[in-house]
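**Q** structure, please.
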Amino acid sequence: MPESAADGRTWLLSGPTSSYAVHVTEADELVHLHWGPRLALADAEALAMRPLPDYWPFESPLDGREEYPVEGGARFVRPALSVRTAERRGTEWSFAGHETEGDELRLRFQDAGLAVTLHYQMRDDVVERWATLVNEGEEPLELLRADSATWTLPDRDGWRLSQLHGRWAAESRLARAPLTYGEKVIGSRRGHTGHQHLPWVALDTDATEERGEVYGCALGWSGSWRIAVAQLPDARVQITGGAGYDDSGLLRLAAGESFTTPVFAGLWTDGGFGGASRAWHAYQRAYVIPDAGRDRPVLFNSWEATYFDISEEQQTALARRAADIGVELFVVDDGWFGARTGEHAGLGDWHPNPDRFPEGLAPLARHVHELGMQFGIWVEPEMVNPDSDLYRAHPDWVQFQPGRKRTELRNQLVLNLAREDVQEYLWQQLDTLLSSAPIDYVKWDFNRCFTDAGWPDDPYPQRLWVDHVRGVYTLLDRLRAAHPGVAFESCSGGGGRIDLGVLSRTDQVWTSDNTDPLDRLAIQHGFSQVHPARVMAAWVTDSPNTQLNGRASSLRFRFVSAMAGVLGVGGDLSEWTEEELAEARRWVELYKEIRPLVQQGDLYRLRPPEGGLSAVQYVRGGEVVVLAWLQAQRYGEPVPALRLRGLDPAAAYECLETGEVHRGAVLLHHGLRIGLRGDLDAAVIRLRRI
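**A** Numbering: from 1, shown residues only. Alright, predicted model coming up:
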């Protein structure tokens, strides 16, 4: 519950270990007081008494201290809010009051017909922040920029910035470097979250994996976005972020219209990068991910086994093999609908191909259920092929610029989901599809970026960038409400749409199209900095990896790599030998035993995937599992020991693989060497408190 000081201008939010405090000055300026270790309301009131610095005219006393910088007046930092009307630009607000509802604090401000509400909510030690803007005047106003929040860090020397960068098939790679003066800007101009950056940053000065202060911020938005990290001239640091990349305009608000920004969440911890990750994971499982307490099933996906050349008979044969190794969810990927015999046609026509599925999907789905598995399908609703019934009927439904060529990437165009008629068409198509057969799971893909984001018939076409994403959210919310038993996976050519916004509407995400198990260790290491294993889909595919690099790897290494998340199988089971199928059956059975720890437990990154030995550990209650990978050995060096973390130092733990009993701090040595002996390159080691 937020605390308010007697003056009605100072507020404190506190979690189990941290506090956040703000203050409105007598001049109605909202300033930041504290973000860090827990403190009392009296401490926040004392901080509010400190005067702002008296700078020369070339600097502003507000810069680096203002909680939500607006454009206008004596301010020189990047504004979080930039507003334009026919008569003026900028904001000169006055404080209009505050209110609390449950755990939420709302601070209200007014400026010439514009009402601004800043929202705060403490979820354990994660602070959720967002803003609502309402046009209460009679004339329209334009939101050039409306960020969700600005985060202010305490005065420190030597800040270091962590971020996740990448590209297609190489997503979520961790980069950590000193922060220098000026701005570091990351984001996406592509209409979706993007493969190039995840909307997350972390800052520290001297943190290790398990010790030291870490400040982190994660944005919940699945379209274009921007996060700017600025070290100001006086060395203070602020982080500003929200929807949209440029300041060319988000929305135009007519009289009475409003816009609510996405959530920008922040976390402080003194438990190092590992402590920050575990806090982010717990927050998402508790407050973001739908039905997060239910473990995700082991799935089989048909894509790499069949590509577009599919039939009901062929899928039925694959389903029998998948069921035999213990798979729980069978997914038919691309090629089941319309005229979809390749990537040139069919997108937009979401009905089963009559030649491939003469009686629709229901017979295959029922057979899959009879085999004891759930049934799933692949869709790409936001896209359309020019060679489709949908495009021939409605060529104006795509994003396009008048007088310009319509850019086709992967032989497809992007539907304009900002249009309500497009949303309604997709609702009817997908609702009919999900009602036509016992479908339990939908893999929702998005396989190209925005390039021609135009809307010629709309008076403010720039709104497409925001309203397309809101249309996707509306459609997902509507489908989930109408079909509560259906799970959804977010995919965008792999990891191109992963953020807190889409995770609040989906059950898991496709981490990367790269299924090479060695590459995946680094991708999964970066992903784990902010997102939990409970949503991280990972597949075992064929070797050599013909899709990417031709690298050969053992079935053991492939399985243990994929067991670090939501296990899936994507290889061509019709070509696997009986020995391979038997080994796969054993790995699937073992995964089901450790699944509650992997998907629901606390993660400890024991050794990063930088060559040699790498390992992760999961702890839940008195159970422990370690996944280890031996990437290389040189000069006859022995396998190094692993010191486990997060255990009860007064307890004893039995290694289930060796029968050894460890007391106090556990140093895995003998069991690890047994698990990685000879030609064995990966190991699963389980311990139980006794």
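**Q** what comes up buried for stretch 71-85?
**A** 71-72, 75, 77-83, 85 (16 or more other C-beta atoms under 10 Å). Bear in mind the C-beta positions are built from the backbone N, C-alpha and C, glycine included.
**Q** please disregard the earlier target; I meant stretch 193-210.
**A** Those would be 193-205, 207, 209, for stretch 193-210 by 16+ other C-beta under 10 Å.
**Q** quick one: the strands in the stretch 51-200 of the chain?
**A** Taking DSSP state E, counting those that start in this stretch as the test, the strands found in the stretch 51-200 of the chain are 81-84, 94-101, 104-111, 114-123, 126-135, 141-146, 149-152, 160-165, 173-178, 182-188, 197-204.
**Q** would you mind measuring from L668 to R595?
**A** 21 Å (C-beta to C-beta, to the nearest Å).
**Q** counting neighbours, go ahead and name the busier of these two.
**A** Counted by other C-beta atoms under 10 Å, L668 and R595 do not tie: L668 has more neighbours, with 28 against 21.
**Q** distance from the chain centre to the helix or strand of the chain with the lowest mean pLDDT, please.
**A** Every helix and strand of the chain was ranked by mean pLDDT, DSSP states H and E. The lowest is helix 670-675, at a mean of 77. Taking C-alpha atoms, centre = their mean, to the nearest Å, the mean C-alpha location of helix 670-675 is offset from the chain mean by 35 Å.
**Q** got the contact list for that helix?
**A** Under the contact criterion C-beta atoms under 8 Å, 6 or more residues apart in numbering, helix 670-675 has outside partners 626, 628, 638-639, 641-642, 655, 657-658, 660, 683-685.
**Q** what's the closest non-adjacent residue to G194?
**A** In space, and not counting its chain neighbours, G194 is closest to S188: 3.5 Å by C-beta to C-beta, 6 or more residues apart in numbering.
**Q** quick check: the one you found touching S222?
**A** No - counting by C-beta atoms under 8 Å, S188 sits too far from S222 to count as a contact (9.8 Å).
**Q** looking at those two, which is more packed in?
**A** Between S188 and S222, S222 has the larger neighbour count (other C-beta under 10 Å), namely 34 against 26.
**Q** and that one, how close does it get to S504?
**A** Distance from S222 to S504, by C-beta to C-beta: 10 Å.
**Q** what segments of the protein are helices?
**A** For the chain, the helices defined by DSSP state H cover 41-48, 272-283, 303-306, 312-324, 362-370, 389-393, 420-436, 464-482, 500-503, 517-527, 555-562, 578-600, 670-675.
**Q** what are the C-alpha coordinates of the fifth one, in PDB please?
**A** This means helix 362-370. What follows is helix 362-370, C-alpha atoms only, in PDB (Å, rounded to 0.1, in the frame of the first residue of the first chain):
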ATOM      1  CA  ALA A 362     -11.000 -32.300 -36.600                       C
ATOM      2  CA  PRO A 363     -10.200 -35.900 -37.600                       C
ATOM      3  CA  LEU A 364      -6.400 -35.400 -37.100                       C
ATOM      4  CA  ALA A 365      -7.100 -33.500 -33.800                       C
ATOM      5  CA  ARG A 366      -9.300 -36.300 -32.500                       C
ATOM      6  CA  HIS A 367      -6.700 -38.900 -33.400                       C
ATOM      7  CA  VAL A 368      -4.000 -36.900 -31.600                       C
ATOM      8  CA  HIS A 369      -6.200 -36.700 -28.600                       C
ATOM      9  CA  GLU A 370      -6.800 -40.500 -28.700                       C
END
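**Q** so that it lines up with my notes, have the first residue be 783 from now on.
**A** Sounds good: first residue 783 from here, last item helix 1144-1152.
**Q** ok, H880 touching R888?
**A** Yes - distance between H880 and R888: 6.3 Å, which falls inside the contact criterion (C-beta under 8 Å).
**Q** hmm, back to that, dump the helices of the chain to JSON lines, plus distance to G1158.
**A** Below are the helices of the chain laid out as JSON lines (distance: least, C-beta to C-beta, whole Å):
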{"stretch": "helix 823-830", "distance to G1158": "50"}
{"stretch": "helix 1054-1065", "distance to G1158": "25"}
{"stretch": "helix 1085-1088", "distance to G1158": "12"}
{"stretch": "helix 1094-1106", "distance to G1158": "11"}
{"stretch": "helix 1144-1152", "distance to G1158": "9"}
{"stretch": "helix 1171-1175", "distance to G1158": "23"}
{"stretch": "helix 1202-1218", "distance to G1158": "11"}
{"stretch": "helix 1246-1264", "distance to G1158": "14"}
{"stretch": "helix 1282-1285", "distance to G1158": "18"}
{"stretch": "helix 1299-1309", "distance to G1158": "22"}
{"stretch": "helix 1337-1344", "distance to G1158": "18"}
{"stretch": "helix 1360-1382", "distance to G1158": "17"}
{"stretch": "helix 1452-1457", "distance to G1158": "33"}
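**Q** which of the ones you listed sits most buried?
**A** Of all the helices of the chain, helix 1282-1285 has the most neighbours on average by mean count of other C-beta atoms under 10 Å, namely a mean of 25.
**Q** other SSEs contacting that helix?
**A** Packing partners of helix 1282-1285 (3 or more C-beta pairs under 8 Å, 6 or more residues apart in numbering; DSSP states H and E): strand 996-1001.
**Q** what angle separates the strand it packs on from helix 1054-1065?
**A** Using axes from the mean of the first three to the mean of the last three C-alpha atoms, to 10 degrees, the inter-axis angle of strand 996-1001 relative to helix 1054-1065 is 40 degrees.
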